[in-house]
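Here you go, sequence then predicted model.
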Amino acid sequence: MRISDLVDDPDLKIRLRVTGGEGWLGRPITWCAPTEHMDPTPFLSVNALVLTNGMGLNVKDFRIWDAYVERLISIPVAGLAFGLGAAHRELPAGLIQACEAHGLPLLELPPEVPFLLVMRHVELVIASERYAELRTGWELADECTRLAADGHSLAEVLERVAHAIKARVAVIDHNSFELLSAGAAGGGTARSTLRLPSGESHRFQLIIEGIKSSVMLQPILGPVAAVIAMQLSYTLGSRSPLHSREAARFIEALYEGGGAPSAPLRRYAVEAGFEPDGEWGAVLIRGAEHEAPAKLRAVAWRARVGLQASFGTVRFMEETALTTLLVQHRAGAVELLDAVQEFFTDAPELSVVVSESGSLSELPLVLQLARRQVGKPGVRQAPLADLAGVVRGLPSQGLVAMSQRLLAPLTTDGGGPLRETLAAYLRHSGNSREICDELFIHRNTLSYRLRKIEELLQLDLSDGEVRATCLLALSIVAALQ
């Protein structure tokens, strides 16, 4: 119910004398407030329609009218309906001037139109509108319930809500960190908040942006807020398909395999909801030690919920300061790295590594490699392979024995420093300054040790193939320690 609706009704015979400020005629009327007080503000609320005969305002001083209208604007009310009759046979000029100055809509009621008629009309229209809003709210809640029951993601439910109210909606946690959103704020910059019914441990709110009035929020979004809260709890809870004991057992087995796939992996994959022979995607998220764990968890929640729009299967496992996501069943041509990046634009301090695997047999090695890459802030793609991954993929015990025998001369008779020198030499590609800085030795000491290493191993370190062999042997021996 709006001021413009009253003016357009021919039965009420209401005349609009002052249109008010821009958009004011479109303000909703929440109730009618008949009053003859000089200062009615203690009895008013936002968007009330003030009805008065002006019996207590039989004055000609413009300043009194100006102060009266200024008080109404401070609420602000939806408009002022002035009834003509015994007190005033015509609208006071000072009142018209004050309403024009402050931009308050002014309605003129003829003597034959009683306030009771206007109040009854407004109440009936408001009641009808509220019934329609309640019905719309429950229909929207029913539709969203069916979507959730049919397995649609929380992101899809939010998309339906945003489409229904033609605004942007977002779910935020108690730290005002946005988990996911949908829609666009096409109706302006107005922002309203609706608390989602949830436990104290998970306090979430629904943010609505771009809706011109907050009057409709509770009747329309109240029922669906309960649906969103339930689905949010189900999605983020420890017993949801995204986070189950089966998924945790599968991911733990991948890590514990040390790079080699174990026999039960196929069975674990099926029990966790994966297709063993399919392609895999992995996302590892780590926060720094000084950062609040709540933010890491919130971002990980947002990422895994959002990834459901691009991947049919999403599972995760949480560790201290590290969350591992596994995804399958890509929808369309979306790239995993592109899909992940949008969830971390406001959390650049987190370290996010994205990796992909073509089979279950290489997935343990892929995860081990991605885990070694975690640490540097930002989102990046893990390399396809590294030396440690190649070493872990070499199960030959004979190769282990050969590597130990090759390096044995450097471990006898106090040869520990020689082995450290060889490792630093290979790690820094022979850069003398970097090697000396790491080992805290003089350049002459480095030259002496390198000659001693070549003598003990009977090898020429200037040969590239020899250096590669030594590096591989060191890596194999280190993997066993």
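Received, thanks. Numbering: from 1, shown residues only.

Residue nearest the middle of the protein, spatially speaking?
Centroid-nearest residue in the chain, with CA atoms, centre = their mean: Leu179, separated by 2.0 Å.

Give me the three-state assignment for that residue.
strand (DSSP: H, G, I helix; E, B strand; the rest coil).

My read is that Gly210 contacts Ile165, right?
No. Taking CB atoms under 8 Å as the contact criterion, Gly210 and Ile165 are not neighbours in contact, 9.0 Å apart. Placement of C-beta: from N, CA and C, glycine included.

Can you spell out the domain ranges of the protein, please?
Under the assignment named as automatic domain parsing, the residue ranges that make up the domains of the chain are 3-113, 134-236, 245-385, 397-480.

ok now the longest one, how far from the chain's centre?
The reference is to domain 245-385. Distance, stretch centre to chain centre, for domain 245-385: 18 Å (CA atoms, centre = their mean, to the nearest Å).

how long is that domain end to end?
When the termini of domain 245-385 are compared using CA to CA, to the nearest Å, they are 30 Å apart.

residue ranges for the helices of the stretch 351-481 of the chain, please.
Along the stretch 351-481 of the chain, the stretches classed as helices by DSSP state H, counting those that start in this stretch are 363-373, 387-392, 397-407, 416-427, 432-439, 443-457, 464-480.

among those helices, which is nearest Ala141?
helix 363-373 (40.7 Å; CB to CB).

other SSEs contacting the closest one?
Counting contacts by 3 or more CB pairs under 8 Å, 6 or more residues apart in numbering; DSSP states H and E, helix 363-373 is packed against helix 245-256, strand 280-286, strand 351-357, helix 387-392.

Quick check: buried residues in that helix?
The neighbour-count check on helix 363-373 (16 or more other CB atoms under 10 Å) flags 363-371, 373 as buried.

want to try CSV for those residues, with distance to Arg302 and pLDDT as columns?
Supplementary listing: those in CSV, determined by distance: CB to CB, whole Å; pLDDT from 0 to 100:
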residue, distance to Arg302, pLDDT
Leu363, 25, 88
Pro364, 27, 88
Leu365, 29, 84
Val366, 24, 87
Leu367, 22, 89
Gln368, 26, 87
Leu369, 25, 84
Ala370, 20, 89
Arg371, 22, 89
Gln373, 22, 88
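
how about the chain, which residue sits the furthest from its center?
Checked against the mean C-alpha position of the chain, the extreme residue using CA atoms, centre = their mean is Ala86, at a distance of 61.6 Å.

And the lowest mean pLDDT element among the helices and strands of the chain?
None of the helices or strands of the chain scores lower by mean pLDDT, DSSP states H and E than helix 387-392, at a mean of 70.

Show the contacting residues for Gly416.
Remark: with contacts taken as CB atoms under 8 Å, 6 or more residues apart in numbering, Gly416 is in contact with Leu410.

Can you show me the strands along the stretch 1-150 of the chain?
Along the stretch 1-150 of the chain, the stretches classed as strands by DSSP state E, counting those that start in this stretch are 15-18, 31-34, 48-52, 79-83, 106-109.

which one of the ones you listed lies closest to Ala127?
Using CB to CB as the criterion, the shortest distance between Ala127 and these is 11.1 Å, found for strand 31-34.

Which elements pack onto the closest one?
strand 48-52, helix 115-149.

one more time with 10 Å, if that's ok
When contacts are defined as 3 or more CB pairs under 10 Å, 6 or more residues apart in numbering; DSSP states H and E, strand 31-34 packs onto strand 48-52, strand 79-83, helix 115-149.

hang on, the earlier thing: out of the domains of the chain, which gets the lowest mean score?
Among those, domain 134-236 carries the lowest mean pLDDT, a mean of 75.

Please state the offset of that one from the chain centre?
For domain 134-236, the distance between its averaged C-alpha position and the chain's averaged C-alpha position is 13 Å (CA atoms, centre = their mean).

doesn't Ser447 make contact with Glu454?
No. With contact defined as CB atoms under 10 Å, Glu454 does not reach Ser447; the gap is 11.1 Å.

of the two, who's got more company?
Taking neighbours as other CB atoms under 10 Å, Glu454 and Ser447 compare with Glu454 leading, 15 against 11.

Cys144: how many residues sit nearby?
Counted with other CB under 10 Å, residues neighbouring Cys144 total 24.

check contacts around it.
Taking CB atoms under 10 Å, 6 or more residues apart in numbering, we find Cys144 in contact with 152, 154, 156-158, 160-161, 164, 223-224, 226-228, 231.

let's go with 8 Å and repeat that
Under the criterion of CB under 8 Å, 6+ apart, the neighbours of Cys144 are 157, 160-161, 224, 227-228.

Compare the residues you listed and tell me which is most surrounded.
Among the contacts of Cys144, the one with the most neighbours (other CB under 10 Å) is Val224, at 27 neighbours.

Adding distance to Gly103 and secondary structure as columns, could you present the contacts of Cys144 in a markdown table?
Written out in a markdown table, the entries for the contacts of Cys144 read as follows (distance: CB to CB, whole Å; DSSP: H, G, I helix; E, B strand; the rest coil):
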| residue | distance to Gly103 | secondary structure |
| --- | --- | --- |
| Val157 | 41 | helix |
| Arg160 | 38 | helix |
| Val161 | 34 | helix |
| Val224 | 36 | helix |
| Val227 | 41 | helix |
| Ile228 | 38 | helix |
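
which one of these sits closest to Leu44?
Within the contacts of Cys144, the smallest distance to Leu44 is 31.3 Å, found for Val224 (CB to CB).

any idea how far the closest one lies from Met230?
Noted for Val224: a distance of 11 Å to Met230, by CB to CB, to the nearest Å.

neighbours around Glu139, how many?
Residue crowding around Glu139 was assessed by other CB under 10 Å; the count is 14.

Same check on Ser462?
Other residues near Ser462 number 9, with proximity taken as other CB under 10 Å.

what do you get for Gln458?
Neighbouring residues of Gln458 were enumerated by other CB under 10 Å; the total is 7.
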